[in-house]
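1. model this:
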Amino acid sequence: MRYAILCYDHEEVTFAWTKEQDEAVVAALAEVKRKLAKEGRLGPTVRLMPTTAATTIRKGKEPVVLDGPFAETKEQLLGLCIVECDSLEQAIATAKDLARSIESAGSYEVRPVRAFTPG
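-> Okay, the predicted model is just below:
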């Protein structure tokens with residue numbers, strides 16, 4: 001089954017990293033992703049731009065377009081990985097590997113993927 005591992009953290013912290021700090025984080029995460037790719041379990045991964053670049057479309061009979069994310073969260077969604085796992089336990093273990101890669105606040109949310117259409 002495919003699982004989405006969603007990365008949440010505080011933008012004011014992560015987008016304030018120096019170039020060197022950012023490159024170190026990307027390199028640490030790349031190690032985990034290389035392992036997943038070698039195992040044939042890594043799907044698409046994305047790193048999102050800050051929420052200030054977001055646009056929200058509120059659902060309804062007449063959808064409304066709003067500047068910004070307008071999510072009710074303390075942390076922001078920074079990116080996600082799609083991984084192939086045999087079980088929820090394996091997906092959680094994979095998220096823990098990602099979490100160990102960097103010292104930061106925030107969290108990873110593991111969610112089964114219901115439908116997947118490759119790009």
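
2. Does residue 36 lie in a helix or a strand, and which?
-> helix 19-38 (DSSP states H and E).

3. Which residues lie in contact with the closest residue to residue 113 other than its chain neighbours in this structure?
-> Of all residues not flanking residue 113 in the chain, residue 2 sits nearest, at 4.0 Å (CB to CB, 6 or more residues apart in numbering). Placement of C-beta: from N, CA and C, glycine included. Counting by CB atoms under 8 Å, 6 or more residues apart in numbering, residue 2 touches 43, 82, 83, 84, 85, 112, 113, 116.

4. how close does the second one get to residue 51?
-> It stands for residue 82. 21 Å (CB to CB, to the nearest Å).

5. ok, the helix or strand of the chain with the lowest mean pLDDT: who's next to it in the sheet?
-> Here the helix or strand of the chain ranked lowest by mean pLDDT, DSSP states H and E is strand 55-58, holding a mean of 78. If you go by DSSP bridges, strand 55-58 pairs up with strand 64-67 (antiparallel).

6. what's the following helix or strand after the partner strand?
-> Following strand 64-67 toward the C-terminus (DSSP H and E): strand 76-84.

7. tell me which residues of that following strand are tucked away?
-> For strand 76-84, the buried set under the neighbour-count rule, 16 or more other CB atoms under 10 Å, comprises 76, 77, 78, 80, 81, 82, 83, 84.

8. Residue 6 and residue 77 touch, don't they?
-> Yes: the pair residue 6 and residue 77 qualifies as a contact (CB atoms under 8 Å) at a distance of 6.0 Å.

9. Contact partners for residue 110?
-> Residues counted as contacts of residue 110 (CB under 8 Å, 6+ apart) are 3, 4, 5, 6, 88, 91, 92, 95.

10. List the buried residues in the helix or strand containing residue 89.
-> Per DSSP H and E, residue 89 falls inside helix 88-101. Burial within helix 88-101, assessed by neighbour count using 16+ other CB under 10 Å, is assigned to 91, 94, 95, 97, 98, 99, 101.

11. now the angle from that helix to strand 76-84?
-> 130 degrees (axes from the mean of the first three to the mean of the last three CA atoms, to 10 degrees).
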